[in-house]
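Novice: with the sequence up front, the predicted model follows.
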Amino acid sequence: MNTLTHEQKEELEKRLARFEKSCREHGLRVTQQRREIFRTVAQSCAHPSAERVFMAVRKQLPNVSLDTVYRTLSSLEDMDLLTRVGLSSKARFDGDLRPHSHFVCTRCGEVYDIFPQPGEAALPLPQGAREMGEVRQMNVQLRGICKKCQAVK
C-alpha cells in the first residue's frame, strides 16, 4: 500500500470505526479476518475485486481462504459498509461511501470515481424513488470506453 496522507488516514479511521460499530450492531465479532478484509477495500482507491482482496489479505493472514473473502465481502455489502461496482462479470468493491458516481470501462473493466466538484451538487434523487420507500444509498454507474482503451485502437 502507498503511504497515506493525513486526510486519508483520518478517513480510513472513520471507516474502520463505522465497520466496528456496524459489526456490533449486527451481532458479529470484529475478527482479524473481517477487519483486514474491510481495511483492504476501505483504504483502496482501485475498487479491488474479491480475488485482489484475497491476495492482499493473504499477505497479512496466510490462512485466509478465498471463500472467507467472498462471504465477508458479501456480508459487508449487506451491512452497507461496501458497494459493489463495475461489470457484472467481474464485481469490484468500493469502501468509499461518500456521495460519488463511477465510470466503468466496458472494454477493460476499470472503475473510476467521479466526485462532485466543490460547489456542485450531487445528482438529485428522482422523485419517483422517494415514493417507493426510504432510499439509503444511490449508486450511479456511467459505462463507456476509458481514455486508455480509446488510445489503443
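Specialist: Looks like it came in fine.

Novice: any idea which helix or strand of the chain has the worst average confidence?
Specialist: Lowest by mean pLDDT, DSSP states H and E among the helices and strands of the chain is helix 127-132, with a mean of 86.

Novice: which other residues reach it?
Specialist: Contacting residues not belonging to helix 127-132 are listed as Val135 [C-beta atoms under 8 Å, 6 or more residues apart in numbering]. Just so you know, the C-beta spots here come from the backbone N, C-alpha and C atoms, and that holds for glycine as well.

Novice: that one: what's the following helix or strand?
Specialist: Going down the chain from helix 127-132, the next helix or strand is strand 141-144, by DSSP states H and E.

Novice: sorry, back to before: please state the offset of the least confident helix or strand of the chain from the chain centre?
Specialist: 25 Å (C-alpha atoms, centre = their mean, to the nearest Å).

Novice: state the distance from Phe19 to Phe38.
Specialist: From Phe19 across to Phe38, the span is 5 Å (C-beta to C-beta, to the nearest Å).

Novice: against Ala122, how distant is the closest residue to Ser101 other than its chain neighbours?
Specialist: Among residues not flanking Ser101 along the chain, Val140 sits closest, at 4.0 Å (C-beta to C-beta, 6 or more residues apart in numbering). Val140 is 9 Å from Ala122, where distance means C-beta to C-beta.

Novice: relative to Arg39, how far out is the residue nearest the centre of the chain?
Specialist: Nearest residue to the geometric centre of the chain (C-alpha atoms, centre = their mean): Asp94, 0.9 Å. For Asp94, the distance to Arg39 equals 14 Å [C-beta to C-beta].

Novice: partner residues bridging the residue nearest to the centre of the chain?
Specialist: The partner list for Asp94 in beta bridges (DSSP bridges) reads Thr83.

Novice: quick one: pLDDT of it?
Specialist: The score at Asp94 is 92. That number is its pLDDT.
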